[in-house]
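Q: Show me the folded form of this:
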Amino acid sequence: MTRPSSYHLFVGDETAQVAFGAMIRGLGNTRDTPVHSVIEVDTPEDRLDIPGTPTWLHRHGRPAANSAPLVAGVAALSLPSTPGTAYLAGEARTIQLVRAHLVRDRGWNHRDIITKPFWTPGKTGME
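A: Sure thing, here's the model as predicted:
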């Protein structure tokens, strides 16, 4: 039996936006179970309509792989002291960095973090 989450955390790049939008909409009323999100895109024009108030980060031409700014964006979030459920999607190395931050620095359990690495430079077949 899984325990209900006290909140949800969505972290990823532009490749995760469509999935995150649908997942957040599927949660319904987020007053009882808050949603936090950090999404990195190249420019503001690359943003999709994501429910809630995501923290948007912009690369402005910087490579998306191995994104330390995305990890820093998550580290800067004011989250409840107890872990919720995290959904991490996008570039594989960046997702590993965010997961490591949540486990090492915030004390999350691996079971509470769902990852979907969509891509990484030089690899195919990850979708």
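
Q: just for the chain, where's the confidence low?
A: 1-3, 30, 123-127 (pLDDT under 70).

Q: which residues in it form helices?
A: 17-27, 68-75, 92-106 (DSSP state H).

Q: Run the chain-centre distance for the first one.
A: Taking the mean of its C-alpha atoms, helix 17-27 sits 12 Å from the chain's own mean (CA atoms, centre = their mean, to the nearest Å).

Q: Redo the helices of the chain as CSV? Include mean neighbour count.
A: C-betas here are computed from N, CA, C, even on glycine. Compiled in CSV, those are given as follows (neighbours: other CB atoms under 10 Å):
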stretch, mean neighbour count
helix 17-27, 16
helix 68-75, 17
helix 92-106, 17
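
Q: Please name the nearest non-neighbouring residue to Pro117.
A: Spatial nearest neighbour of Pro117, chain neighbours left out: Ala92 (3.5 Å); criterion: CB to CB, 6 or more residues apart in numbering.

Q: which ones are touching Asn66?
A: 91, 93-94, 97 (CB atoms under 8 Å, 6 or more residues apart in numbering).

Q: Mind doing that once more with 10 Å?
A: Contact analysis of Asn66 by CB atoms under 10 Å, 6 or more residues apart in numbering lists 91-94, 96-97, 120-121.

Q: Look up how far Gly61 lies from the closest residue to Asp105 other than its chain neighbours.
A: Counting by CB to CB, 6+ apart, Asp105 lies nearest to Ala75, which is 6.9 Å off, once chain neighbours are set aside. Per CB to CB, to the nearest Å, Ala75 is found 23 Å from Gly61.

Q: returning to that earlier point: where's the residue nearest to Pro117 relative to Thr82, distance?
A: 28 Å.

Q: Equivalent analysis for Ala22, please.
A: From Ala22 to Thr82 the distance is 26 Å (CB to CB).

Q: before we move on, what about Thr53?
A: Thr53 sits 21 Å away from Thr82, going by CB to CB.

Q: before we move on, the earlier item: could you dump the helices of the chain into TSV and include distance to Val41?
A: Output for the helices of the chain, formatted as TSV (distance: least, CB to CB, whole Å):
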stretch	distance to Val41
helix 17-27	8
helix 68-75	11
helix 92-106	13
